[in-house]
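J.: Show me the folded form of this:
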Amino acid sequence: MFDKEFKYQILQECVKIQEGKIKIVHDAMNEHQLMANEYGPPRDRYDSFRSQLLRKRDLFASQYQKDLDELKILTKINISNDSKTVEFGSLVITSSQNLFIATGLGKINVNGHEVYVISTKVPVYMALEGLSEKNTFHINNNEFVINQVL
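T.: Below is the predicted model of the structure:
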């Protein structure tokens, strides 16, 4: 059986991964801005290189904001929550996999255990929402049993 310490470690790993994503995107955004500045103004009306750099910078800026929003979502998770039903922030141990309801980070490894970090917008969560231990749910014609909810 898992405990709240394991849930805390999962959350810390999620924050670390999200902060890493933020740093990568922020660096790329700054790099494209710097390249555009170094290139200078367009050479003629057909010179679109600077415009391409600025468009890429804007795309990275958009991704940067999304990543910041996801980090903010992670900070809202209350580890000490004692809810016995599946909701945002729950660690759900099923008969086949471990799920952490937070943001869509995918599969992570914490202390040798695979955990799938999913958002509240995916169909798996919608099938799980409100269920408790010993309940079953179906995904793609497969039945799963909830062994534990933290």
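J.: all helices of the protein, in order?
T.: 4-39, 49-75, 123-128 (DSSP state H).
J.: quick one, which of those is nearest to Gln97?
T.: With CB to CB as the criterion, Gln97 lies closest to helix 123-128 of the helices of the chain, at 9.5 Å. Quick note: C-beta positions are derived from backbone N, CA and C, even for glycine.
J.: Would you mark the buried spots in the closest one?
T.: Val124, Tyr125, Leu128 (16 or more other CB atoms under 10 Å).
J.: Any chance of CSV for the helices of the chain, columns mean pLDDT and distance to Gly89?
T.: Supplementary listing: those in CSV, determined by pLDDT from 0 to 100; distance: least, CB to CB, whole Å:
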stretch, mean pLDDT, distance to Gly89
helix 4-39, 96, 9
helix 49-75, 95, 10
helix 123-128, 94, 12
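J.: In JSON lines, list those along with distance to Tyr116.
T.: Shown next, in JSON lines, are the helices of the chain (distance: least, CB to CB, whole Å):
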{"stretch": "helix 4-39", "distance to Tyr116": "11"}
{"stretch": "helix 49-75", "distance to Tyr116": "15"}
{"stretch": "helix 123-128", "distance to Tyr116": "8"}
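J.: With respect to Leu105, which of those helices lies nearest?
T.: That would be helix 4-39 among those, by CB to CB, at 5.8 Å.
J.: quick check: domain ranges of this structure?
T.: 4-75, 91-149 (automatic domain parsing).
J.: want to try TSV for the buried residues of helix 123-128, with distance to Asp47 as columns?
T.: As requested, the buried residues of helix 123-128 are exported to TSV (distance: CB to CB, whole Å):
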residue	distance to Asp47
Val124	48
Tyr125	48
Leu128	53
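J.: quick one: which of those is nearest Ser95?
T.: After measuring the buried residues of helix 123-128 against Ser95 - CB to CB - the closest member comes out as Leu128, at 12.8 Å.
J.: The closest one and Val115: what is the separation?
T.: According to CB to CB, to the nearest Å, Leu128 and Val115 sit 14 Å apart.
J.: Then Gln52?
T.: On the measure of CB to CB, Gln52 and Val115 end up 39 Å apart.
J.: These two: which is more packed in?
T.: Using other CB atoms under 10 Å as the criterion, Gln52 and Val115 rank with Val115 on top: 26 against 11.
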